[in-house]
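*Asks:* what's the 3D shape of this:
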Amino acid sequence: MASVSHYYPAIAEIIETLQVERLDEHRFRATQLDNPAHHIVGGHIGGQAVMAAALTAPGRTAHSVHTYYVRPGDASRPVELRVTAIRDGGTLATRQVTAHQDEKILLETLASFSTEIDAPDYHRQCPEVPAPETLPPMQAQLADYADELDGHWVHPRPFALRYIDPPSRLAVELPEASPRQRLWWRPDGTVPDDPRLHTSLLTYLSGVTMVETALVMRRATPASTFNALIDHALWFQRPVDLSDWVLSDQVSPSGTGGRGLVNATMYNRSGQLVCTATQELYFGRG
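*Replies:* Residues are numbered from 1 along each chain as shown. So this is what the prediction gives:
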């Protein structure tokens, strides 16, 4: 699914559309975030698929999601999500979600859910980074480019972003490209206290921000290069509090054949690992 560079919905719109409409036990209607190009945003429909799967697995929490984006769709019209209950075990449950529009498949998702169990708890430590309060908002970092692209770089976003490493617009002017990009993020608004929604928002956020790390290695920006998600995998290690900042430590280890690979580890304010994500993107003609 292609990213949309010049359109940023409000966080309230994202939250509303992630809460898909249930048609029957295993079918859901998903309203898209329309935009001038009518592109369906991959991270958004991916988050909707996670929500649909979660609604069919009550009492369980998503711990991993794997999505393949098959073809683009029309964001001016809704998408039907069809969920198949592949397995309901004592601890783990598996769901398959297929997104349809005009009977064409847009994506395929496999999601795994778990009940709570008592087990050892460990995680990789959070890297030492500046606190988000010590960093300027992204719009302040890019104030010198406020006149470019009709104010694209300083336009309000649904998530507040504070970069530790340069955002792509600054990075393209540096003498060397860095494969690593670290930033703090949090929703720019109140998020209801629903773990399923928080998981869906993590899916959305990773889908729309991780691309930038691969673009830095291509000496490009989201506003200058067509890109589309090919596949997207997330592991949700611990509950996340979206009323506070989350650190995303992103690395692009490889780019080849018009594709870029990005890995991200996300930590909460106290340094706990909350999510690991990997995605591959396509760069080329739409």
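*Asks:* In the stretch 151-286 of the chain, mark out all the strands, start to finish.
*Replies:* With DSSP state E, counting those that start in this stretch as the definition, the stretch 151-286 of the chain shows strands at residue ranges 159-163, 180-187, 227-236, 246-256, 259-267, 273-283.
*Asks:* nearest to residue 171, of those?
*Replies:* strand 180-187 (7.8 Å; C-beta to C-beta). Backbone N, C-alpha and C define where each C-beta goes, glycine included.
*Asks:* can you give me the angle the closest one makes with strand 159-163?
*Replies:* With axes from the mean of the first three to the mean of the last three C-alpha atoms, to 10 degrees applied, the angle from strand 180-187 to strand 159-163 works out at 150 degrees.
*Asks:* Can you tell me the strand partners of strand 180-187 and which way each runs?
*Replies:* Strand 180-187 pairs in its sheet with strand 159-163 (antiparallel), strand 246-256 (antiparallel), by DSSP bridges.
*Asks:* Highest mean neighbour count out of those strands?
*Replies:* With neighbours defined as mean count of other C-beta atoms under 10 Å, the strands paired with strand 180-187 peak in mean count at strand 159-163, which reaches a mean of 21.
*Asks:* How far away from the center of its chain is that one?
*Replies:* Shown here is strand 159-163, whose average C-alpha point lies 14 Å from the average C-alpha point of the whole chain (C-alpha atoms, centre = their mean, to the nearest Å).
*Asks:* Does the residue in the chain sticking out farthest from the centre fall in a helix, a strand, or a coil region?
*Replies:* For the chain, the C-alpha lying farthest from the average C-alpha position belongs to residue 90; by C-alpha atoms, centre = their mean, that distance is 29.7 Å. Under the three-state scheme (DSSP: H, G, I helix; E, B strand; the rest coil), residue 90 adopts coil.
*Asks:* and it, how far is that from residue 196?
*Replies:* As judged by C-beta to C-beta, to the nearest Å, residue 90 and residue 196 stand 21 Å apart.
*Asks:* show me the contacts for the residue nearest to residue 160 when sequence neighbours are not counted.
*Replies:* The shortest distance from residue 160 to any residue other than its chain neighbours is 4.9 Å, reached at residue 188 (C-beta to C-beta, 6 or more residues apart in numbering). Contact partners of residue 188, counting by C-beta atoms under 8 Å, 6 or more residues apart in numbering, are 11, 156-160.
*Asks:* Next: residue 220.
*Replies:* For residue 220, the set of contacting residues under the criterion of C-beta under 8 Å, 6+ apart consists of 168, 172, 283.
*Asks:* Roughly how far does it sit from residue 174?
*Replies:* For residue 220, the distance to residue 174 under the criterion C-beta to C-beta works out to 13 Å.
*Asks:* what sits in contact with each of these two?
*Replies:* By C-beta under 8 Å, 6+ apart, no residue touches both residue 220 and residue 174.
*Asks:* Low-confidence stretches in this protein?
*Replies:* Under the criterion pLDDT under 70, the flagged ranges of the chain are 1-7, 285-286.
*Asks:* where along it do the helices fall?
*Replies:* Taking DSSP state H as the test, the helices found in the chain are 11-18, 42-55, 138-141, 168-171, 195-209, 211-217.
*Asks:* which residues touch the fourth one?
*Replies:* So the one you mean is helix 168-171. Applying C-beta under 8 Å, 6+ apart, the external contacts of helix 168-171 come out as 141-142, 145, 153, 165, 177-178, 181, 212, 215-216, 220-223.
*Asks:* Using PyMOL, define a selection of the buried residues within those.
*Replies:* Buried members of the contacts of helix 168-171, defined by 16 or more other C-beta atoms under 10 Å, are picked up in PyMOL with:
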select buried, resi 141+142+153+165+181+212+215+216+220+221+222
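*Asks:* Of the contacts of helix 168-171, which is the nearest to residue 48?
*Replies:* For residue 48, the closest of the contacts of helix 168-171 turns out to be residue 222, at 21.4 Å, with distances computed as C-beta to C-beta.
*Asks:* Distance check, the closest one against residue 270.
*Replies:* On the measure of C-beta to C-beta, residue 222 and residue 270 end up 31 Å apart.
*Asks:* ditto for residue 188
*Replies:* When residue 188 is compared with residue 270 (using C-beta to C-beta), they lie 22 Å apart.
*Asks:* Repeat that for residue 251.
*Replies:* Taken as C-beta to C-beta, the span from residue 251 to residue 270 is 22 Å.
*Asks:* count of neighbours near residue 206?
*Replies:* Summarising burial for residue 206: neighbours were counted as other C-beta atoms under 10 Å, giving 27.
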